[in-house]
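Colleague: Sharing a sequence plus its predicted fold:
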Amino acid sequence: MLTLSACGQTKSSSSSDNQSSSKSTKPVSESQSSKASSSQQDTALWNSKKDQELAEFMRSWGPTMGQNYQKYDGQNPLHVSVGANYPADLSRESVQGGDSIGWASSEKGDYDYNIVAIYNFDSDKPPLPNRITYFFAFHNGQPVALVDQTRDGDPVCHPTVNKDVSSNFARIANQR
């Protein structure tokens with residue numbers, strides 16, 4: 001019976017193992033695990049709650065500019081009027097200064113600018129095609145809202161000069 005119970009236990013490589021004594025064989029309760037996970041999410045620079053808040057901001061702010069933004073949903077490519085498909089075409093995108101940019105889904109990724117959200121507006125007003133694409137990113141741990149309005153040539157983004165967008169992204173990202 002002792003052998004069966006020992007075989008039924010699994011060793012997890014999560015950080016919660018480091019908190020338990022090596023002599024203890026008590027499993028971590030679900031409520032303890034939830035508390036640890038919740039506190040980790042609360043201290044993360046980006047999480048689903050912040051992503052939802054950014055979506056609400058873009059949904060309310062866009063119409064004030066006469067624009068309706070489409071969000072990259074994390075699964076289906078976001079097609080923009082100039083022919084780019086994000087996040088795949090982030091590899092073609094450049095940031096002023098030549099820094100790397102890429103989809104990270106969290107603030108911690110392998111790029112200089114780790115993109116956590118993408119929003120695009122395709123205009124129907126000439127000259128066509130034209131678009132406004134926002135890349136919400138973390139650069140050196142700091143939130144940065146990048147924008148690309150390139151119509152022709154290689155896509156290039158830069159920090160937005162739109163104070164509403166940049167300040168609201170920073171406010172959302174810096175919430176604890």
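Modeller: Looks like it arrived, so ask away. Residues are numbered from 1 along each chain as shown.
Colleague: Can you tell me the closest non-neighbouring residue to Ser91?
Modeller: Nearest in space to Ser91, with sequence neighbours left out and distances taken as Cβ to Cβ, 6 or more residues apart in numbering, is Gly102 at 7.3 Å. C-beta coordinates here come from the backbone N, C-alpha and C atoms, glycine included.
Colleague: need the contact list for the one you found.
Modeller: Contact partners of Gly102, counting by Cβ atoms under 8 Å, 6 or more residues apart in numbering, are 87, 90-91, 109-111, 113-115.
Colleague: I'd assumed it was in a strand, is it?
Modeller: Yes: assignment of Gly102 by DSSP: H, G, I helix; E, B strand; the rest coil places it within a strand.
Colleague: Distance check, it against Asp51.
Modeller: 17 Å (Cβ to Cβ, to the nearest Å).
Colleague: Check whether Ile115 sits in a helix, strand or coil.
Modeller: Reduced to three states by three-state DSSP, Ile115 is strand.
Colleague: Please apply the same query to Lys49.
Modeller: helix.
Colleague: Let me know the pLDDT of it.
Modeller: Lys49 carries a pLDDT value of 95.
Colleague: Around it, how many other residues sit close by?
Modeller: Other residues near Lys49 come to 13 when the count uses other Cβ atoms under 10 Å.
Colleague: try Gly97
Modeller: 7.
Colleague: May I have the beta-bridge partners of the residue nearest to Ser91?
Modeller: Asn114 (DSSP bridges).
Colleague: any idea how far His79 is from it?
Modeller: Taking Cβ to Cβ, one finds Gly102 at 19 Å from His79.
Colleague: for Leu146, same thing?
Modeller: 19 Å.
Colleague: Tell me which of the two has more neighbours.
Modeller: Between Leu146 and His79, counted using other Cβ under 10 Å, the more crowded position is Leu146 (25 against 14).
Colleague: doesn't Tyr113 make contact with the more buried one?
Modeller: Yes: using Cβ atoms under 8 Å, Leu146 is in contact with Tyr113, at 6.8 Å.
Colleague: shared neighbours, these two?
Modeller: 95, 101, 135, 137.
Colleague: so which strand or helix has the last one?
Modeller: Meaning Ala137. strand 130-139 (DSSP states H and E).
Colleague: Done for today, thanks.
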